[in-house]
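Undergrad: Structure for this input, please:
(one chain, ligands or ions: 1)
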Amino acid sequence: MTEALTDAARAGELQTLLGNGWTKATDRDAIEKTYKFRNFIEAFGFMSRAALHAEKLNHHPEWSNVYNKVVVTLITHDVDGLSKLDVKLAQIMDRLRES
Ligand SMILES: C[C@H](O)[C@H](O)[C@H]1CNC2=NC(N)=NC(=O)C2=N1
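TA: Coordinates of the predicted model:
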């Protein structure tokens, strides 16, 4: 069972993500980011690569795509809030975005 994000991780890794384009959702304990790409193929390529990581982690994003934009929300449904899996997937997505 995944556990809620610790206070230490909230002060550490989570703050780093919040300085890197992620924002806290206003209505629940989740983080959100909009990635913008040059075109649909690049956006969809990002989603395909992120999907493989999500499946491997058994941790899945809430997301949507319109043309060159991918809007991502990360939350751990099992704890109804953030866990270290959300931090991990956010870090992976940011890394994929740069590659
Ligand atoms: C049964 C399965 O392991 C769970 O439903 C997993 C799948 N993917 C998940 N993804 C997310 N974002 N949160 C979860 O709690 C979650 N739980």
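
Undergrad: OK, contacts around the residue nearest the centre of the chain?
TA: The chain has residue 90 as the residue nearest its centroid, 3.7 Å off, counting by CA atoms, centre = their mean. When contacts are counted by CB atoms under 8 Å, 6 or more residues apart in numbering, residue 90 touches 17, 22, 31, 33, 74. Any C-beta I mention is one placed from the backbone N, CA and C, and that applies to glycine too.

Undergrad: Could you say which of these is surrounded by the most neighbours?
TA: The most crowded member of these, judged by other CB atoms under 10 Å, is residue 74 (26 neighbours).

Undergrad: What helix or strand is the closest residue to it other than its chain neighbours located in?
TA: Using CB to CB, 6 or more residues apart in numbering and skipping the chain neighbours, the partner closest in space to residue 74 is residue 86 (4.1 Å). Taking DSSP states H and E as the definition, one finds residue 86 inside helix 84-98.

Undergrad: confidence score at residue 22?
TA: Note for residue 22: predicted pLDDT of 98.

Undergrad: Could you list the residues of the protein in contact with the ligand?
TA: Counting by CB under 6 Å from any ligand atom, the chain comes close to the ligand at 58, 59, 60, 75, 76, 77, 78.

Undergrad: Could you pick out the buried ones from those?
TA: Applying 16 or more other CB atoms under 10 Å to those, the neighbour count classes 59, 75, 76 as buried.

Undergrad: Now the nearest residue to residue 39 once chain neighbours are set aside, what are its backbone angles?
TA: Excluding its sequence neighbours, the residue lying closest to residue 39 (CB to CB, 6+ apart) is residue 68, at 5.4 Å. Torsion angles at residue 68 (phi, psi; degrees, to the nearest 10) stand at phi -100, psi 10.

Undergrad: Can you verify my assumption that residue 65 contacts residue 45?
TA: No: the criterion here is CB atoms under 8 Å, and residue 65 misses it with residue 45 at 11.2 Å.
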